[in-house]
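# no FASTA, just this:
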């Protein structure tokens, strides 16, 4: 599985249209990859709360359609990061996985909304569904940024068959140590690959951590993007998860602590 992770630099002066055009060009540079990933809220900026409803669009909107066409043209899967999805009277932080034919494979609405010095929880509705999707490389669990702090979501994805996690994020620089920790721990405790795509740059005076990464099932960081815009390209073998789980039986050694018998 050949991955290209686009660690995008957010620029406050860029419009949504300019950001989309720039990113479509970056996706062209990743031609030949099996999967291309983008970060959370990259088109409008996570910390631009006043613009959330203005930049929102439905799942059938122009931005998703542009990436469906790009995926089909390049014959590549694209996890197009997340955007503010408008669905009737509700708004969600939604990420979309598109296959190499341009069809939507899965969408994930962020479950855990951030409330600390953030208006995300006030402005958006939370998703309700844990999402695991069958891909050509095994089952992938989808999650977004703050979800990393909630291990039960990742364990649920493993119970649904996930062998790797795809994380889109707009994690801030001020908590970069926690970012690295959670990436490694969520991979290690679930004996799964974790692939994350985080923003670089800044919005509304808040700098992003960057450091998009690939972590193997034993918690080893294989790739780290640093703090600036870049494209990380690497290959992984998701079949490694099966052998690691067979050799090290932690997932099978779990005990139902609610069972008193």
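Received it, and whenever you're ready, just let me know what you need. Remember, predicted model here, so these are calculated numbers, not experimental data.
# in the stretch 1-150 of the chain, which spans are strands?
All strands of the stretch 1-150 of the chain, identified by DSSP state E, counting those that start in this stretch, fall at 2-7, 9-10, 35-37, 77-87, 90-98, 104-109, 131-135, 138-144.
# Of these, which is nearest residue 17?
With C-beta to C-beta, the closest approach to residue 17 among those belongs to strand 77-87: 13.2 Å. From N, CA and C alone the C-beta is placed, and that goes for glycine too.
# what comes up buried for the closest one?
Of the residues in strand 77-87, 77-86 count as buried by neighbour count, 16 or more other C-beta atoms under 10 Å.
# And for stretch 134-153?
With burial defined by 16+ other C-beta under 10 Å, the residues of stretch 134-153 counted as buried are 135, 137-148, 153.
# Quick one: end-to-end distance for it.
One end of stretch 134-153 sits 18 Å from the other (C-alpha to C-alpha, to the nearest Å).
# And for residue 115, nearest residue in space, chain neighbours not counted?
Among residues not flanking residue 115 along the chain, residue 121 sits closest, at 4.1 Å (C-beta to C-beta, 6 or more residues apart in numbering).
# How about residue 170?
Leaving aside its sequence neighbours, residue 170 sits nearest to residue 46 (C-beta to C-beta, 6+ apart; 3.7 Å).
# Determine the number of other residues adjacent to the one you found.
Residue 46 has 26 neighbours, counted by other C-beta atoms under 10 Å.
# quick one: contacts for it?
40, 120, 170, 199, 203 (C-beta atoms under 8 Å, 6 or more residues apart in numbering).
# now the first one: how far from residue 138?
The one in question is residue 40. 23 Å (C-beta to C-beta, to the nearest Å).
# before we move on, what about the third one?
Per C-beta to C-beta, residue 170 is found 27 Å from residue 138.
# three-state assignment of the most centrally placed residue in the chain?
Nearest to the mean C-alpha position of the chain, by C-alpha atoms, centre = their mean, lies residue 168 at 2.1 Å. Using DSSP: H, G, I helix; E, B strand; the rest coil, the structure places residue 168 in strand.
# how much space between it and residue 257?
On the measure of C-beta to C-beta, residue 168 and residue 257 end up 32 Å apart.
# What of residue 72?
Here residue 72 is placed at a distance of 47 Å from residue 257 (C-beta to C-beta).
# on that earlier part again, turn the strands of the stretch 1-150 of the chain into a markdown table, columns for distance to residue 188.
Compiled in a markdown table, the strands of the stretch 1-150 of the chain are given as follows (distance: least, C-beta to C-beta, whole Å):
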| stretch | distance to residue 188 |
| --- | --- |
| strand 2-7 | 19 |
| strand 9-10 | 29 |
| strand 35-37 | 21 |
| strand 77-87 | 22 |
| strand 90-98 | 23 |
| strand 104-109 | 23 |
| strand 131-135 | 19 |
| strand 138-144 | 15 |
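# Show the residue spans covered by the helices in this structure.
Taking DSSP state H, the helices of the chain run over residues 16-29, 52-55, 62-74, 120-123, 151-159, 176-190, 240-247.
# Out of those helices, which gets nearest to residue 213?
If you check each of the helices of the chain against residue 213 by C-beta to C-beta, helix 176-190 wins as the nearest, at 5.6 Å.
# tell me which strands and helices the closest one is in contact with?
Judged by 3 or more C-beta pairs under 8 Å, 6 or more residues apart in numbering; DSSP states H and E, the packing partners of helix 176-190 are helix 151-159, strand 164-169, strand 193-198, strand 213-215, strand 221-224.
# Just send the ones you listed back as TSV, with mean pLDDT and distance to residue 93 too.
Shown next, in TSV, are these (pLDDT from 0 to 100; distance: least, C-beta to C-beta, whole Å):
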stretch	mean pLDDT	distance to residue 93
helix 151-159	98	15
strand 164-169	98	9
strand 193-198	98	15
strand 213-215	98	21
strand 221-224	98	25
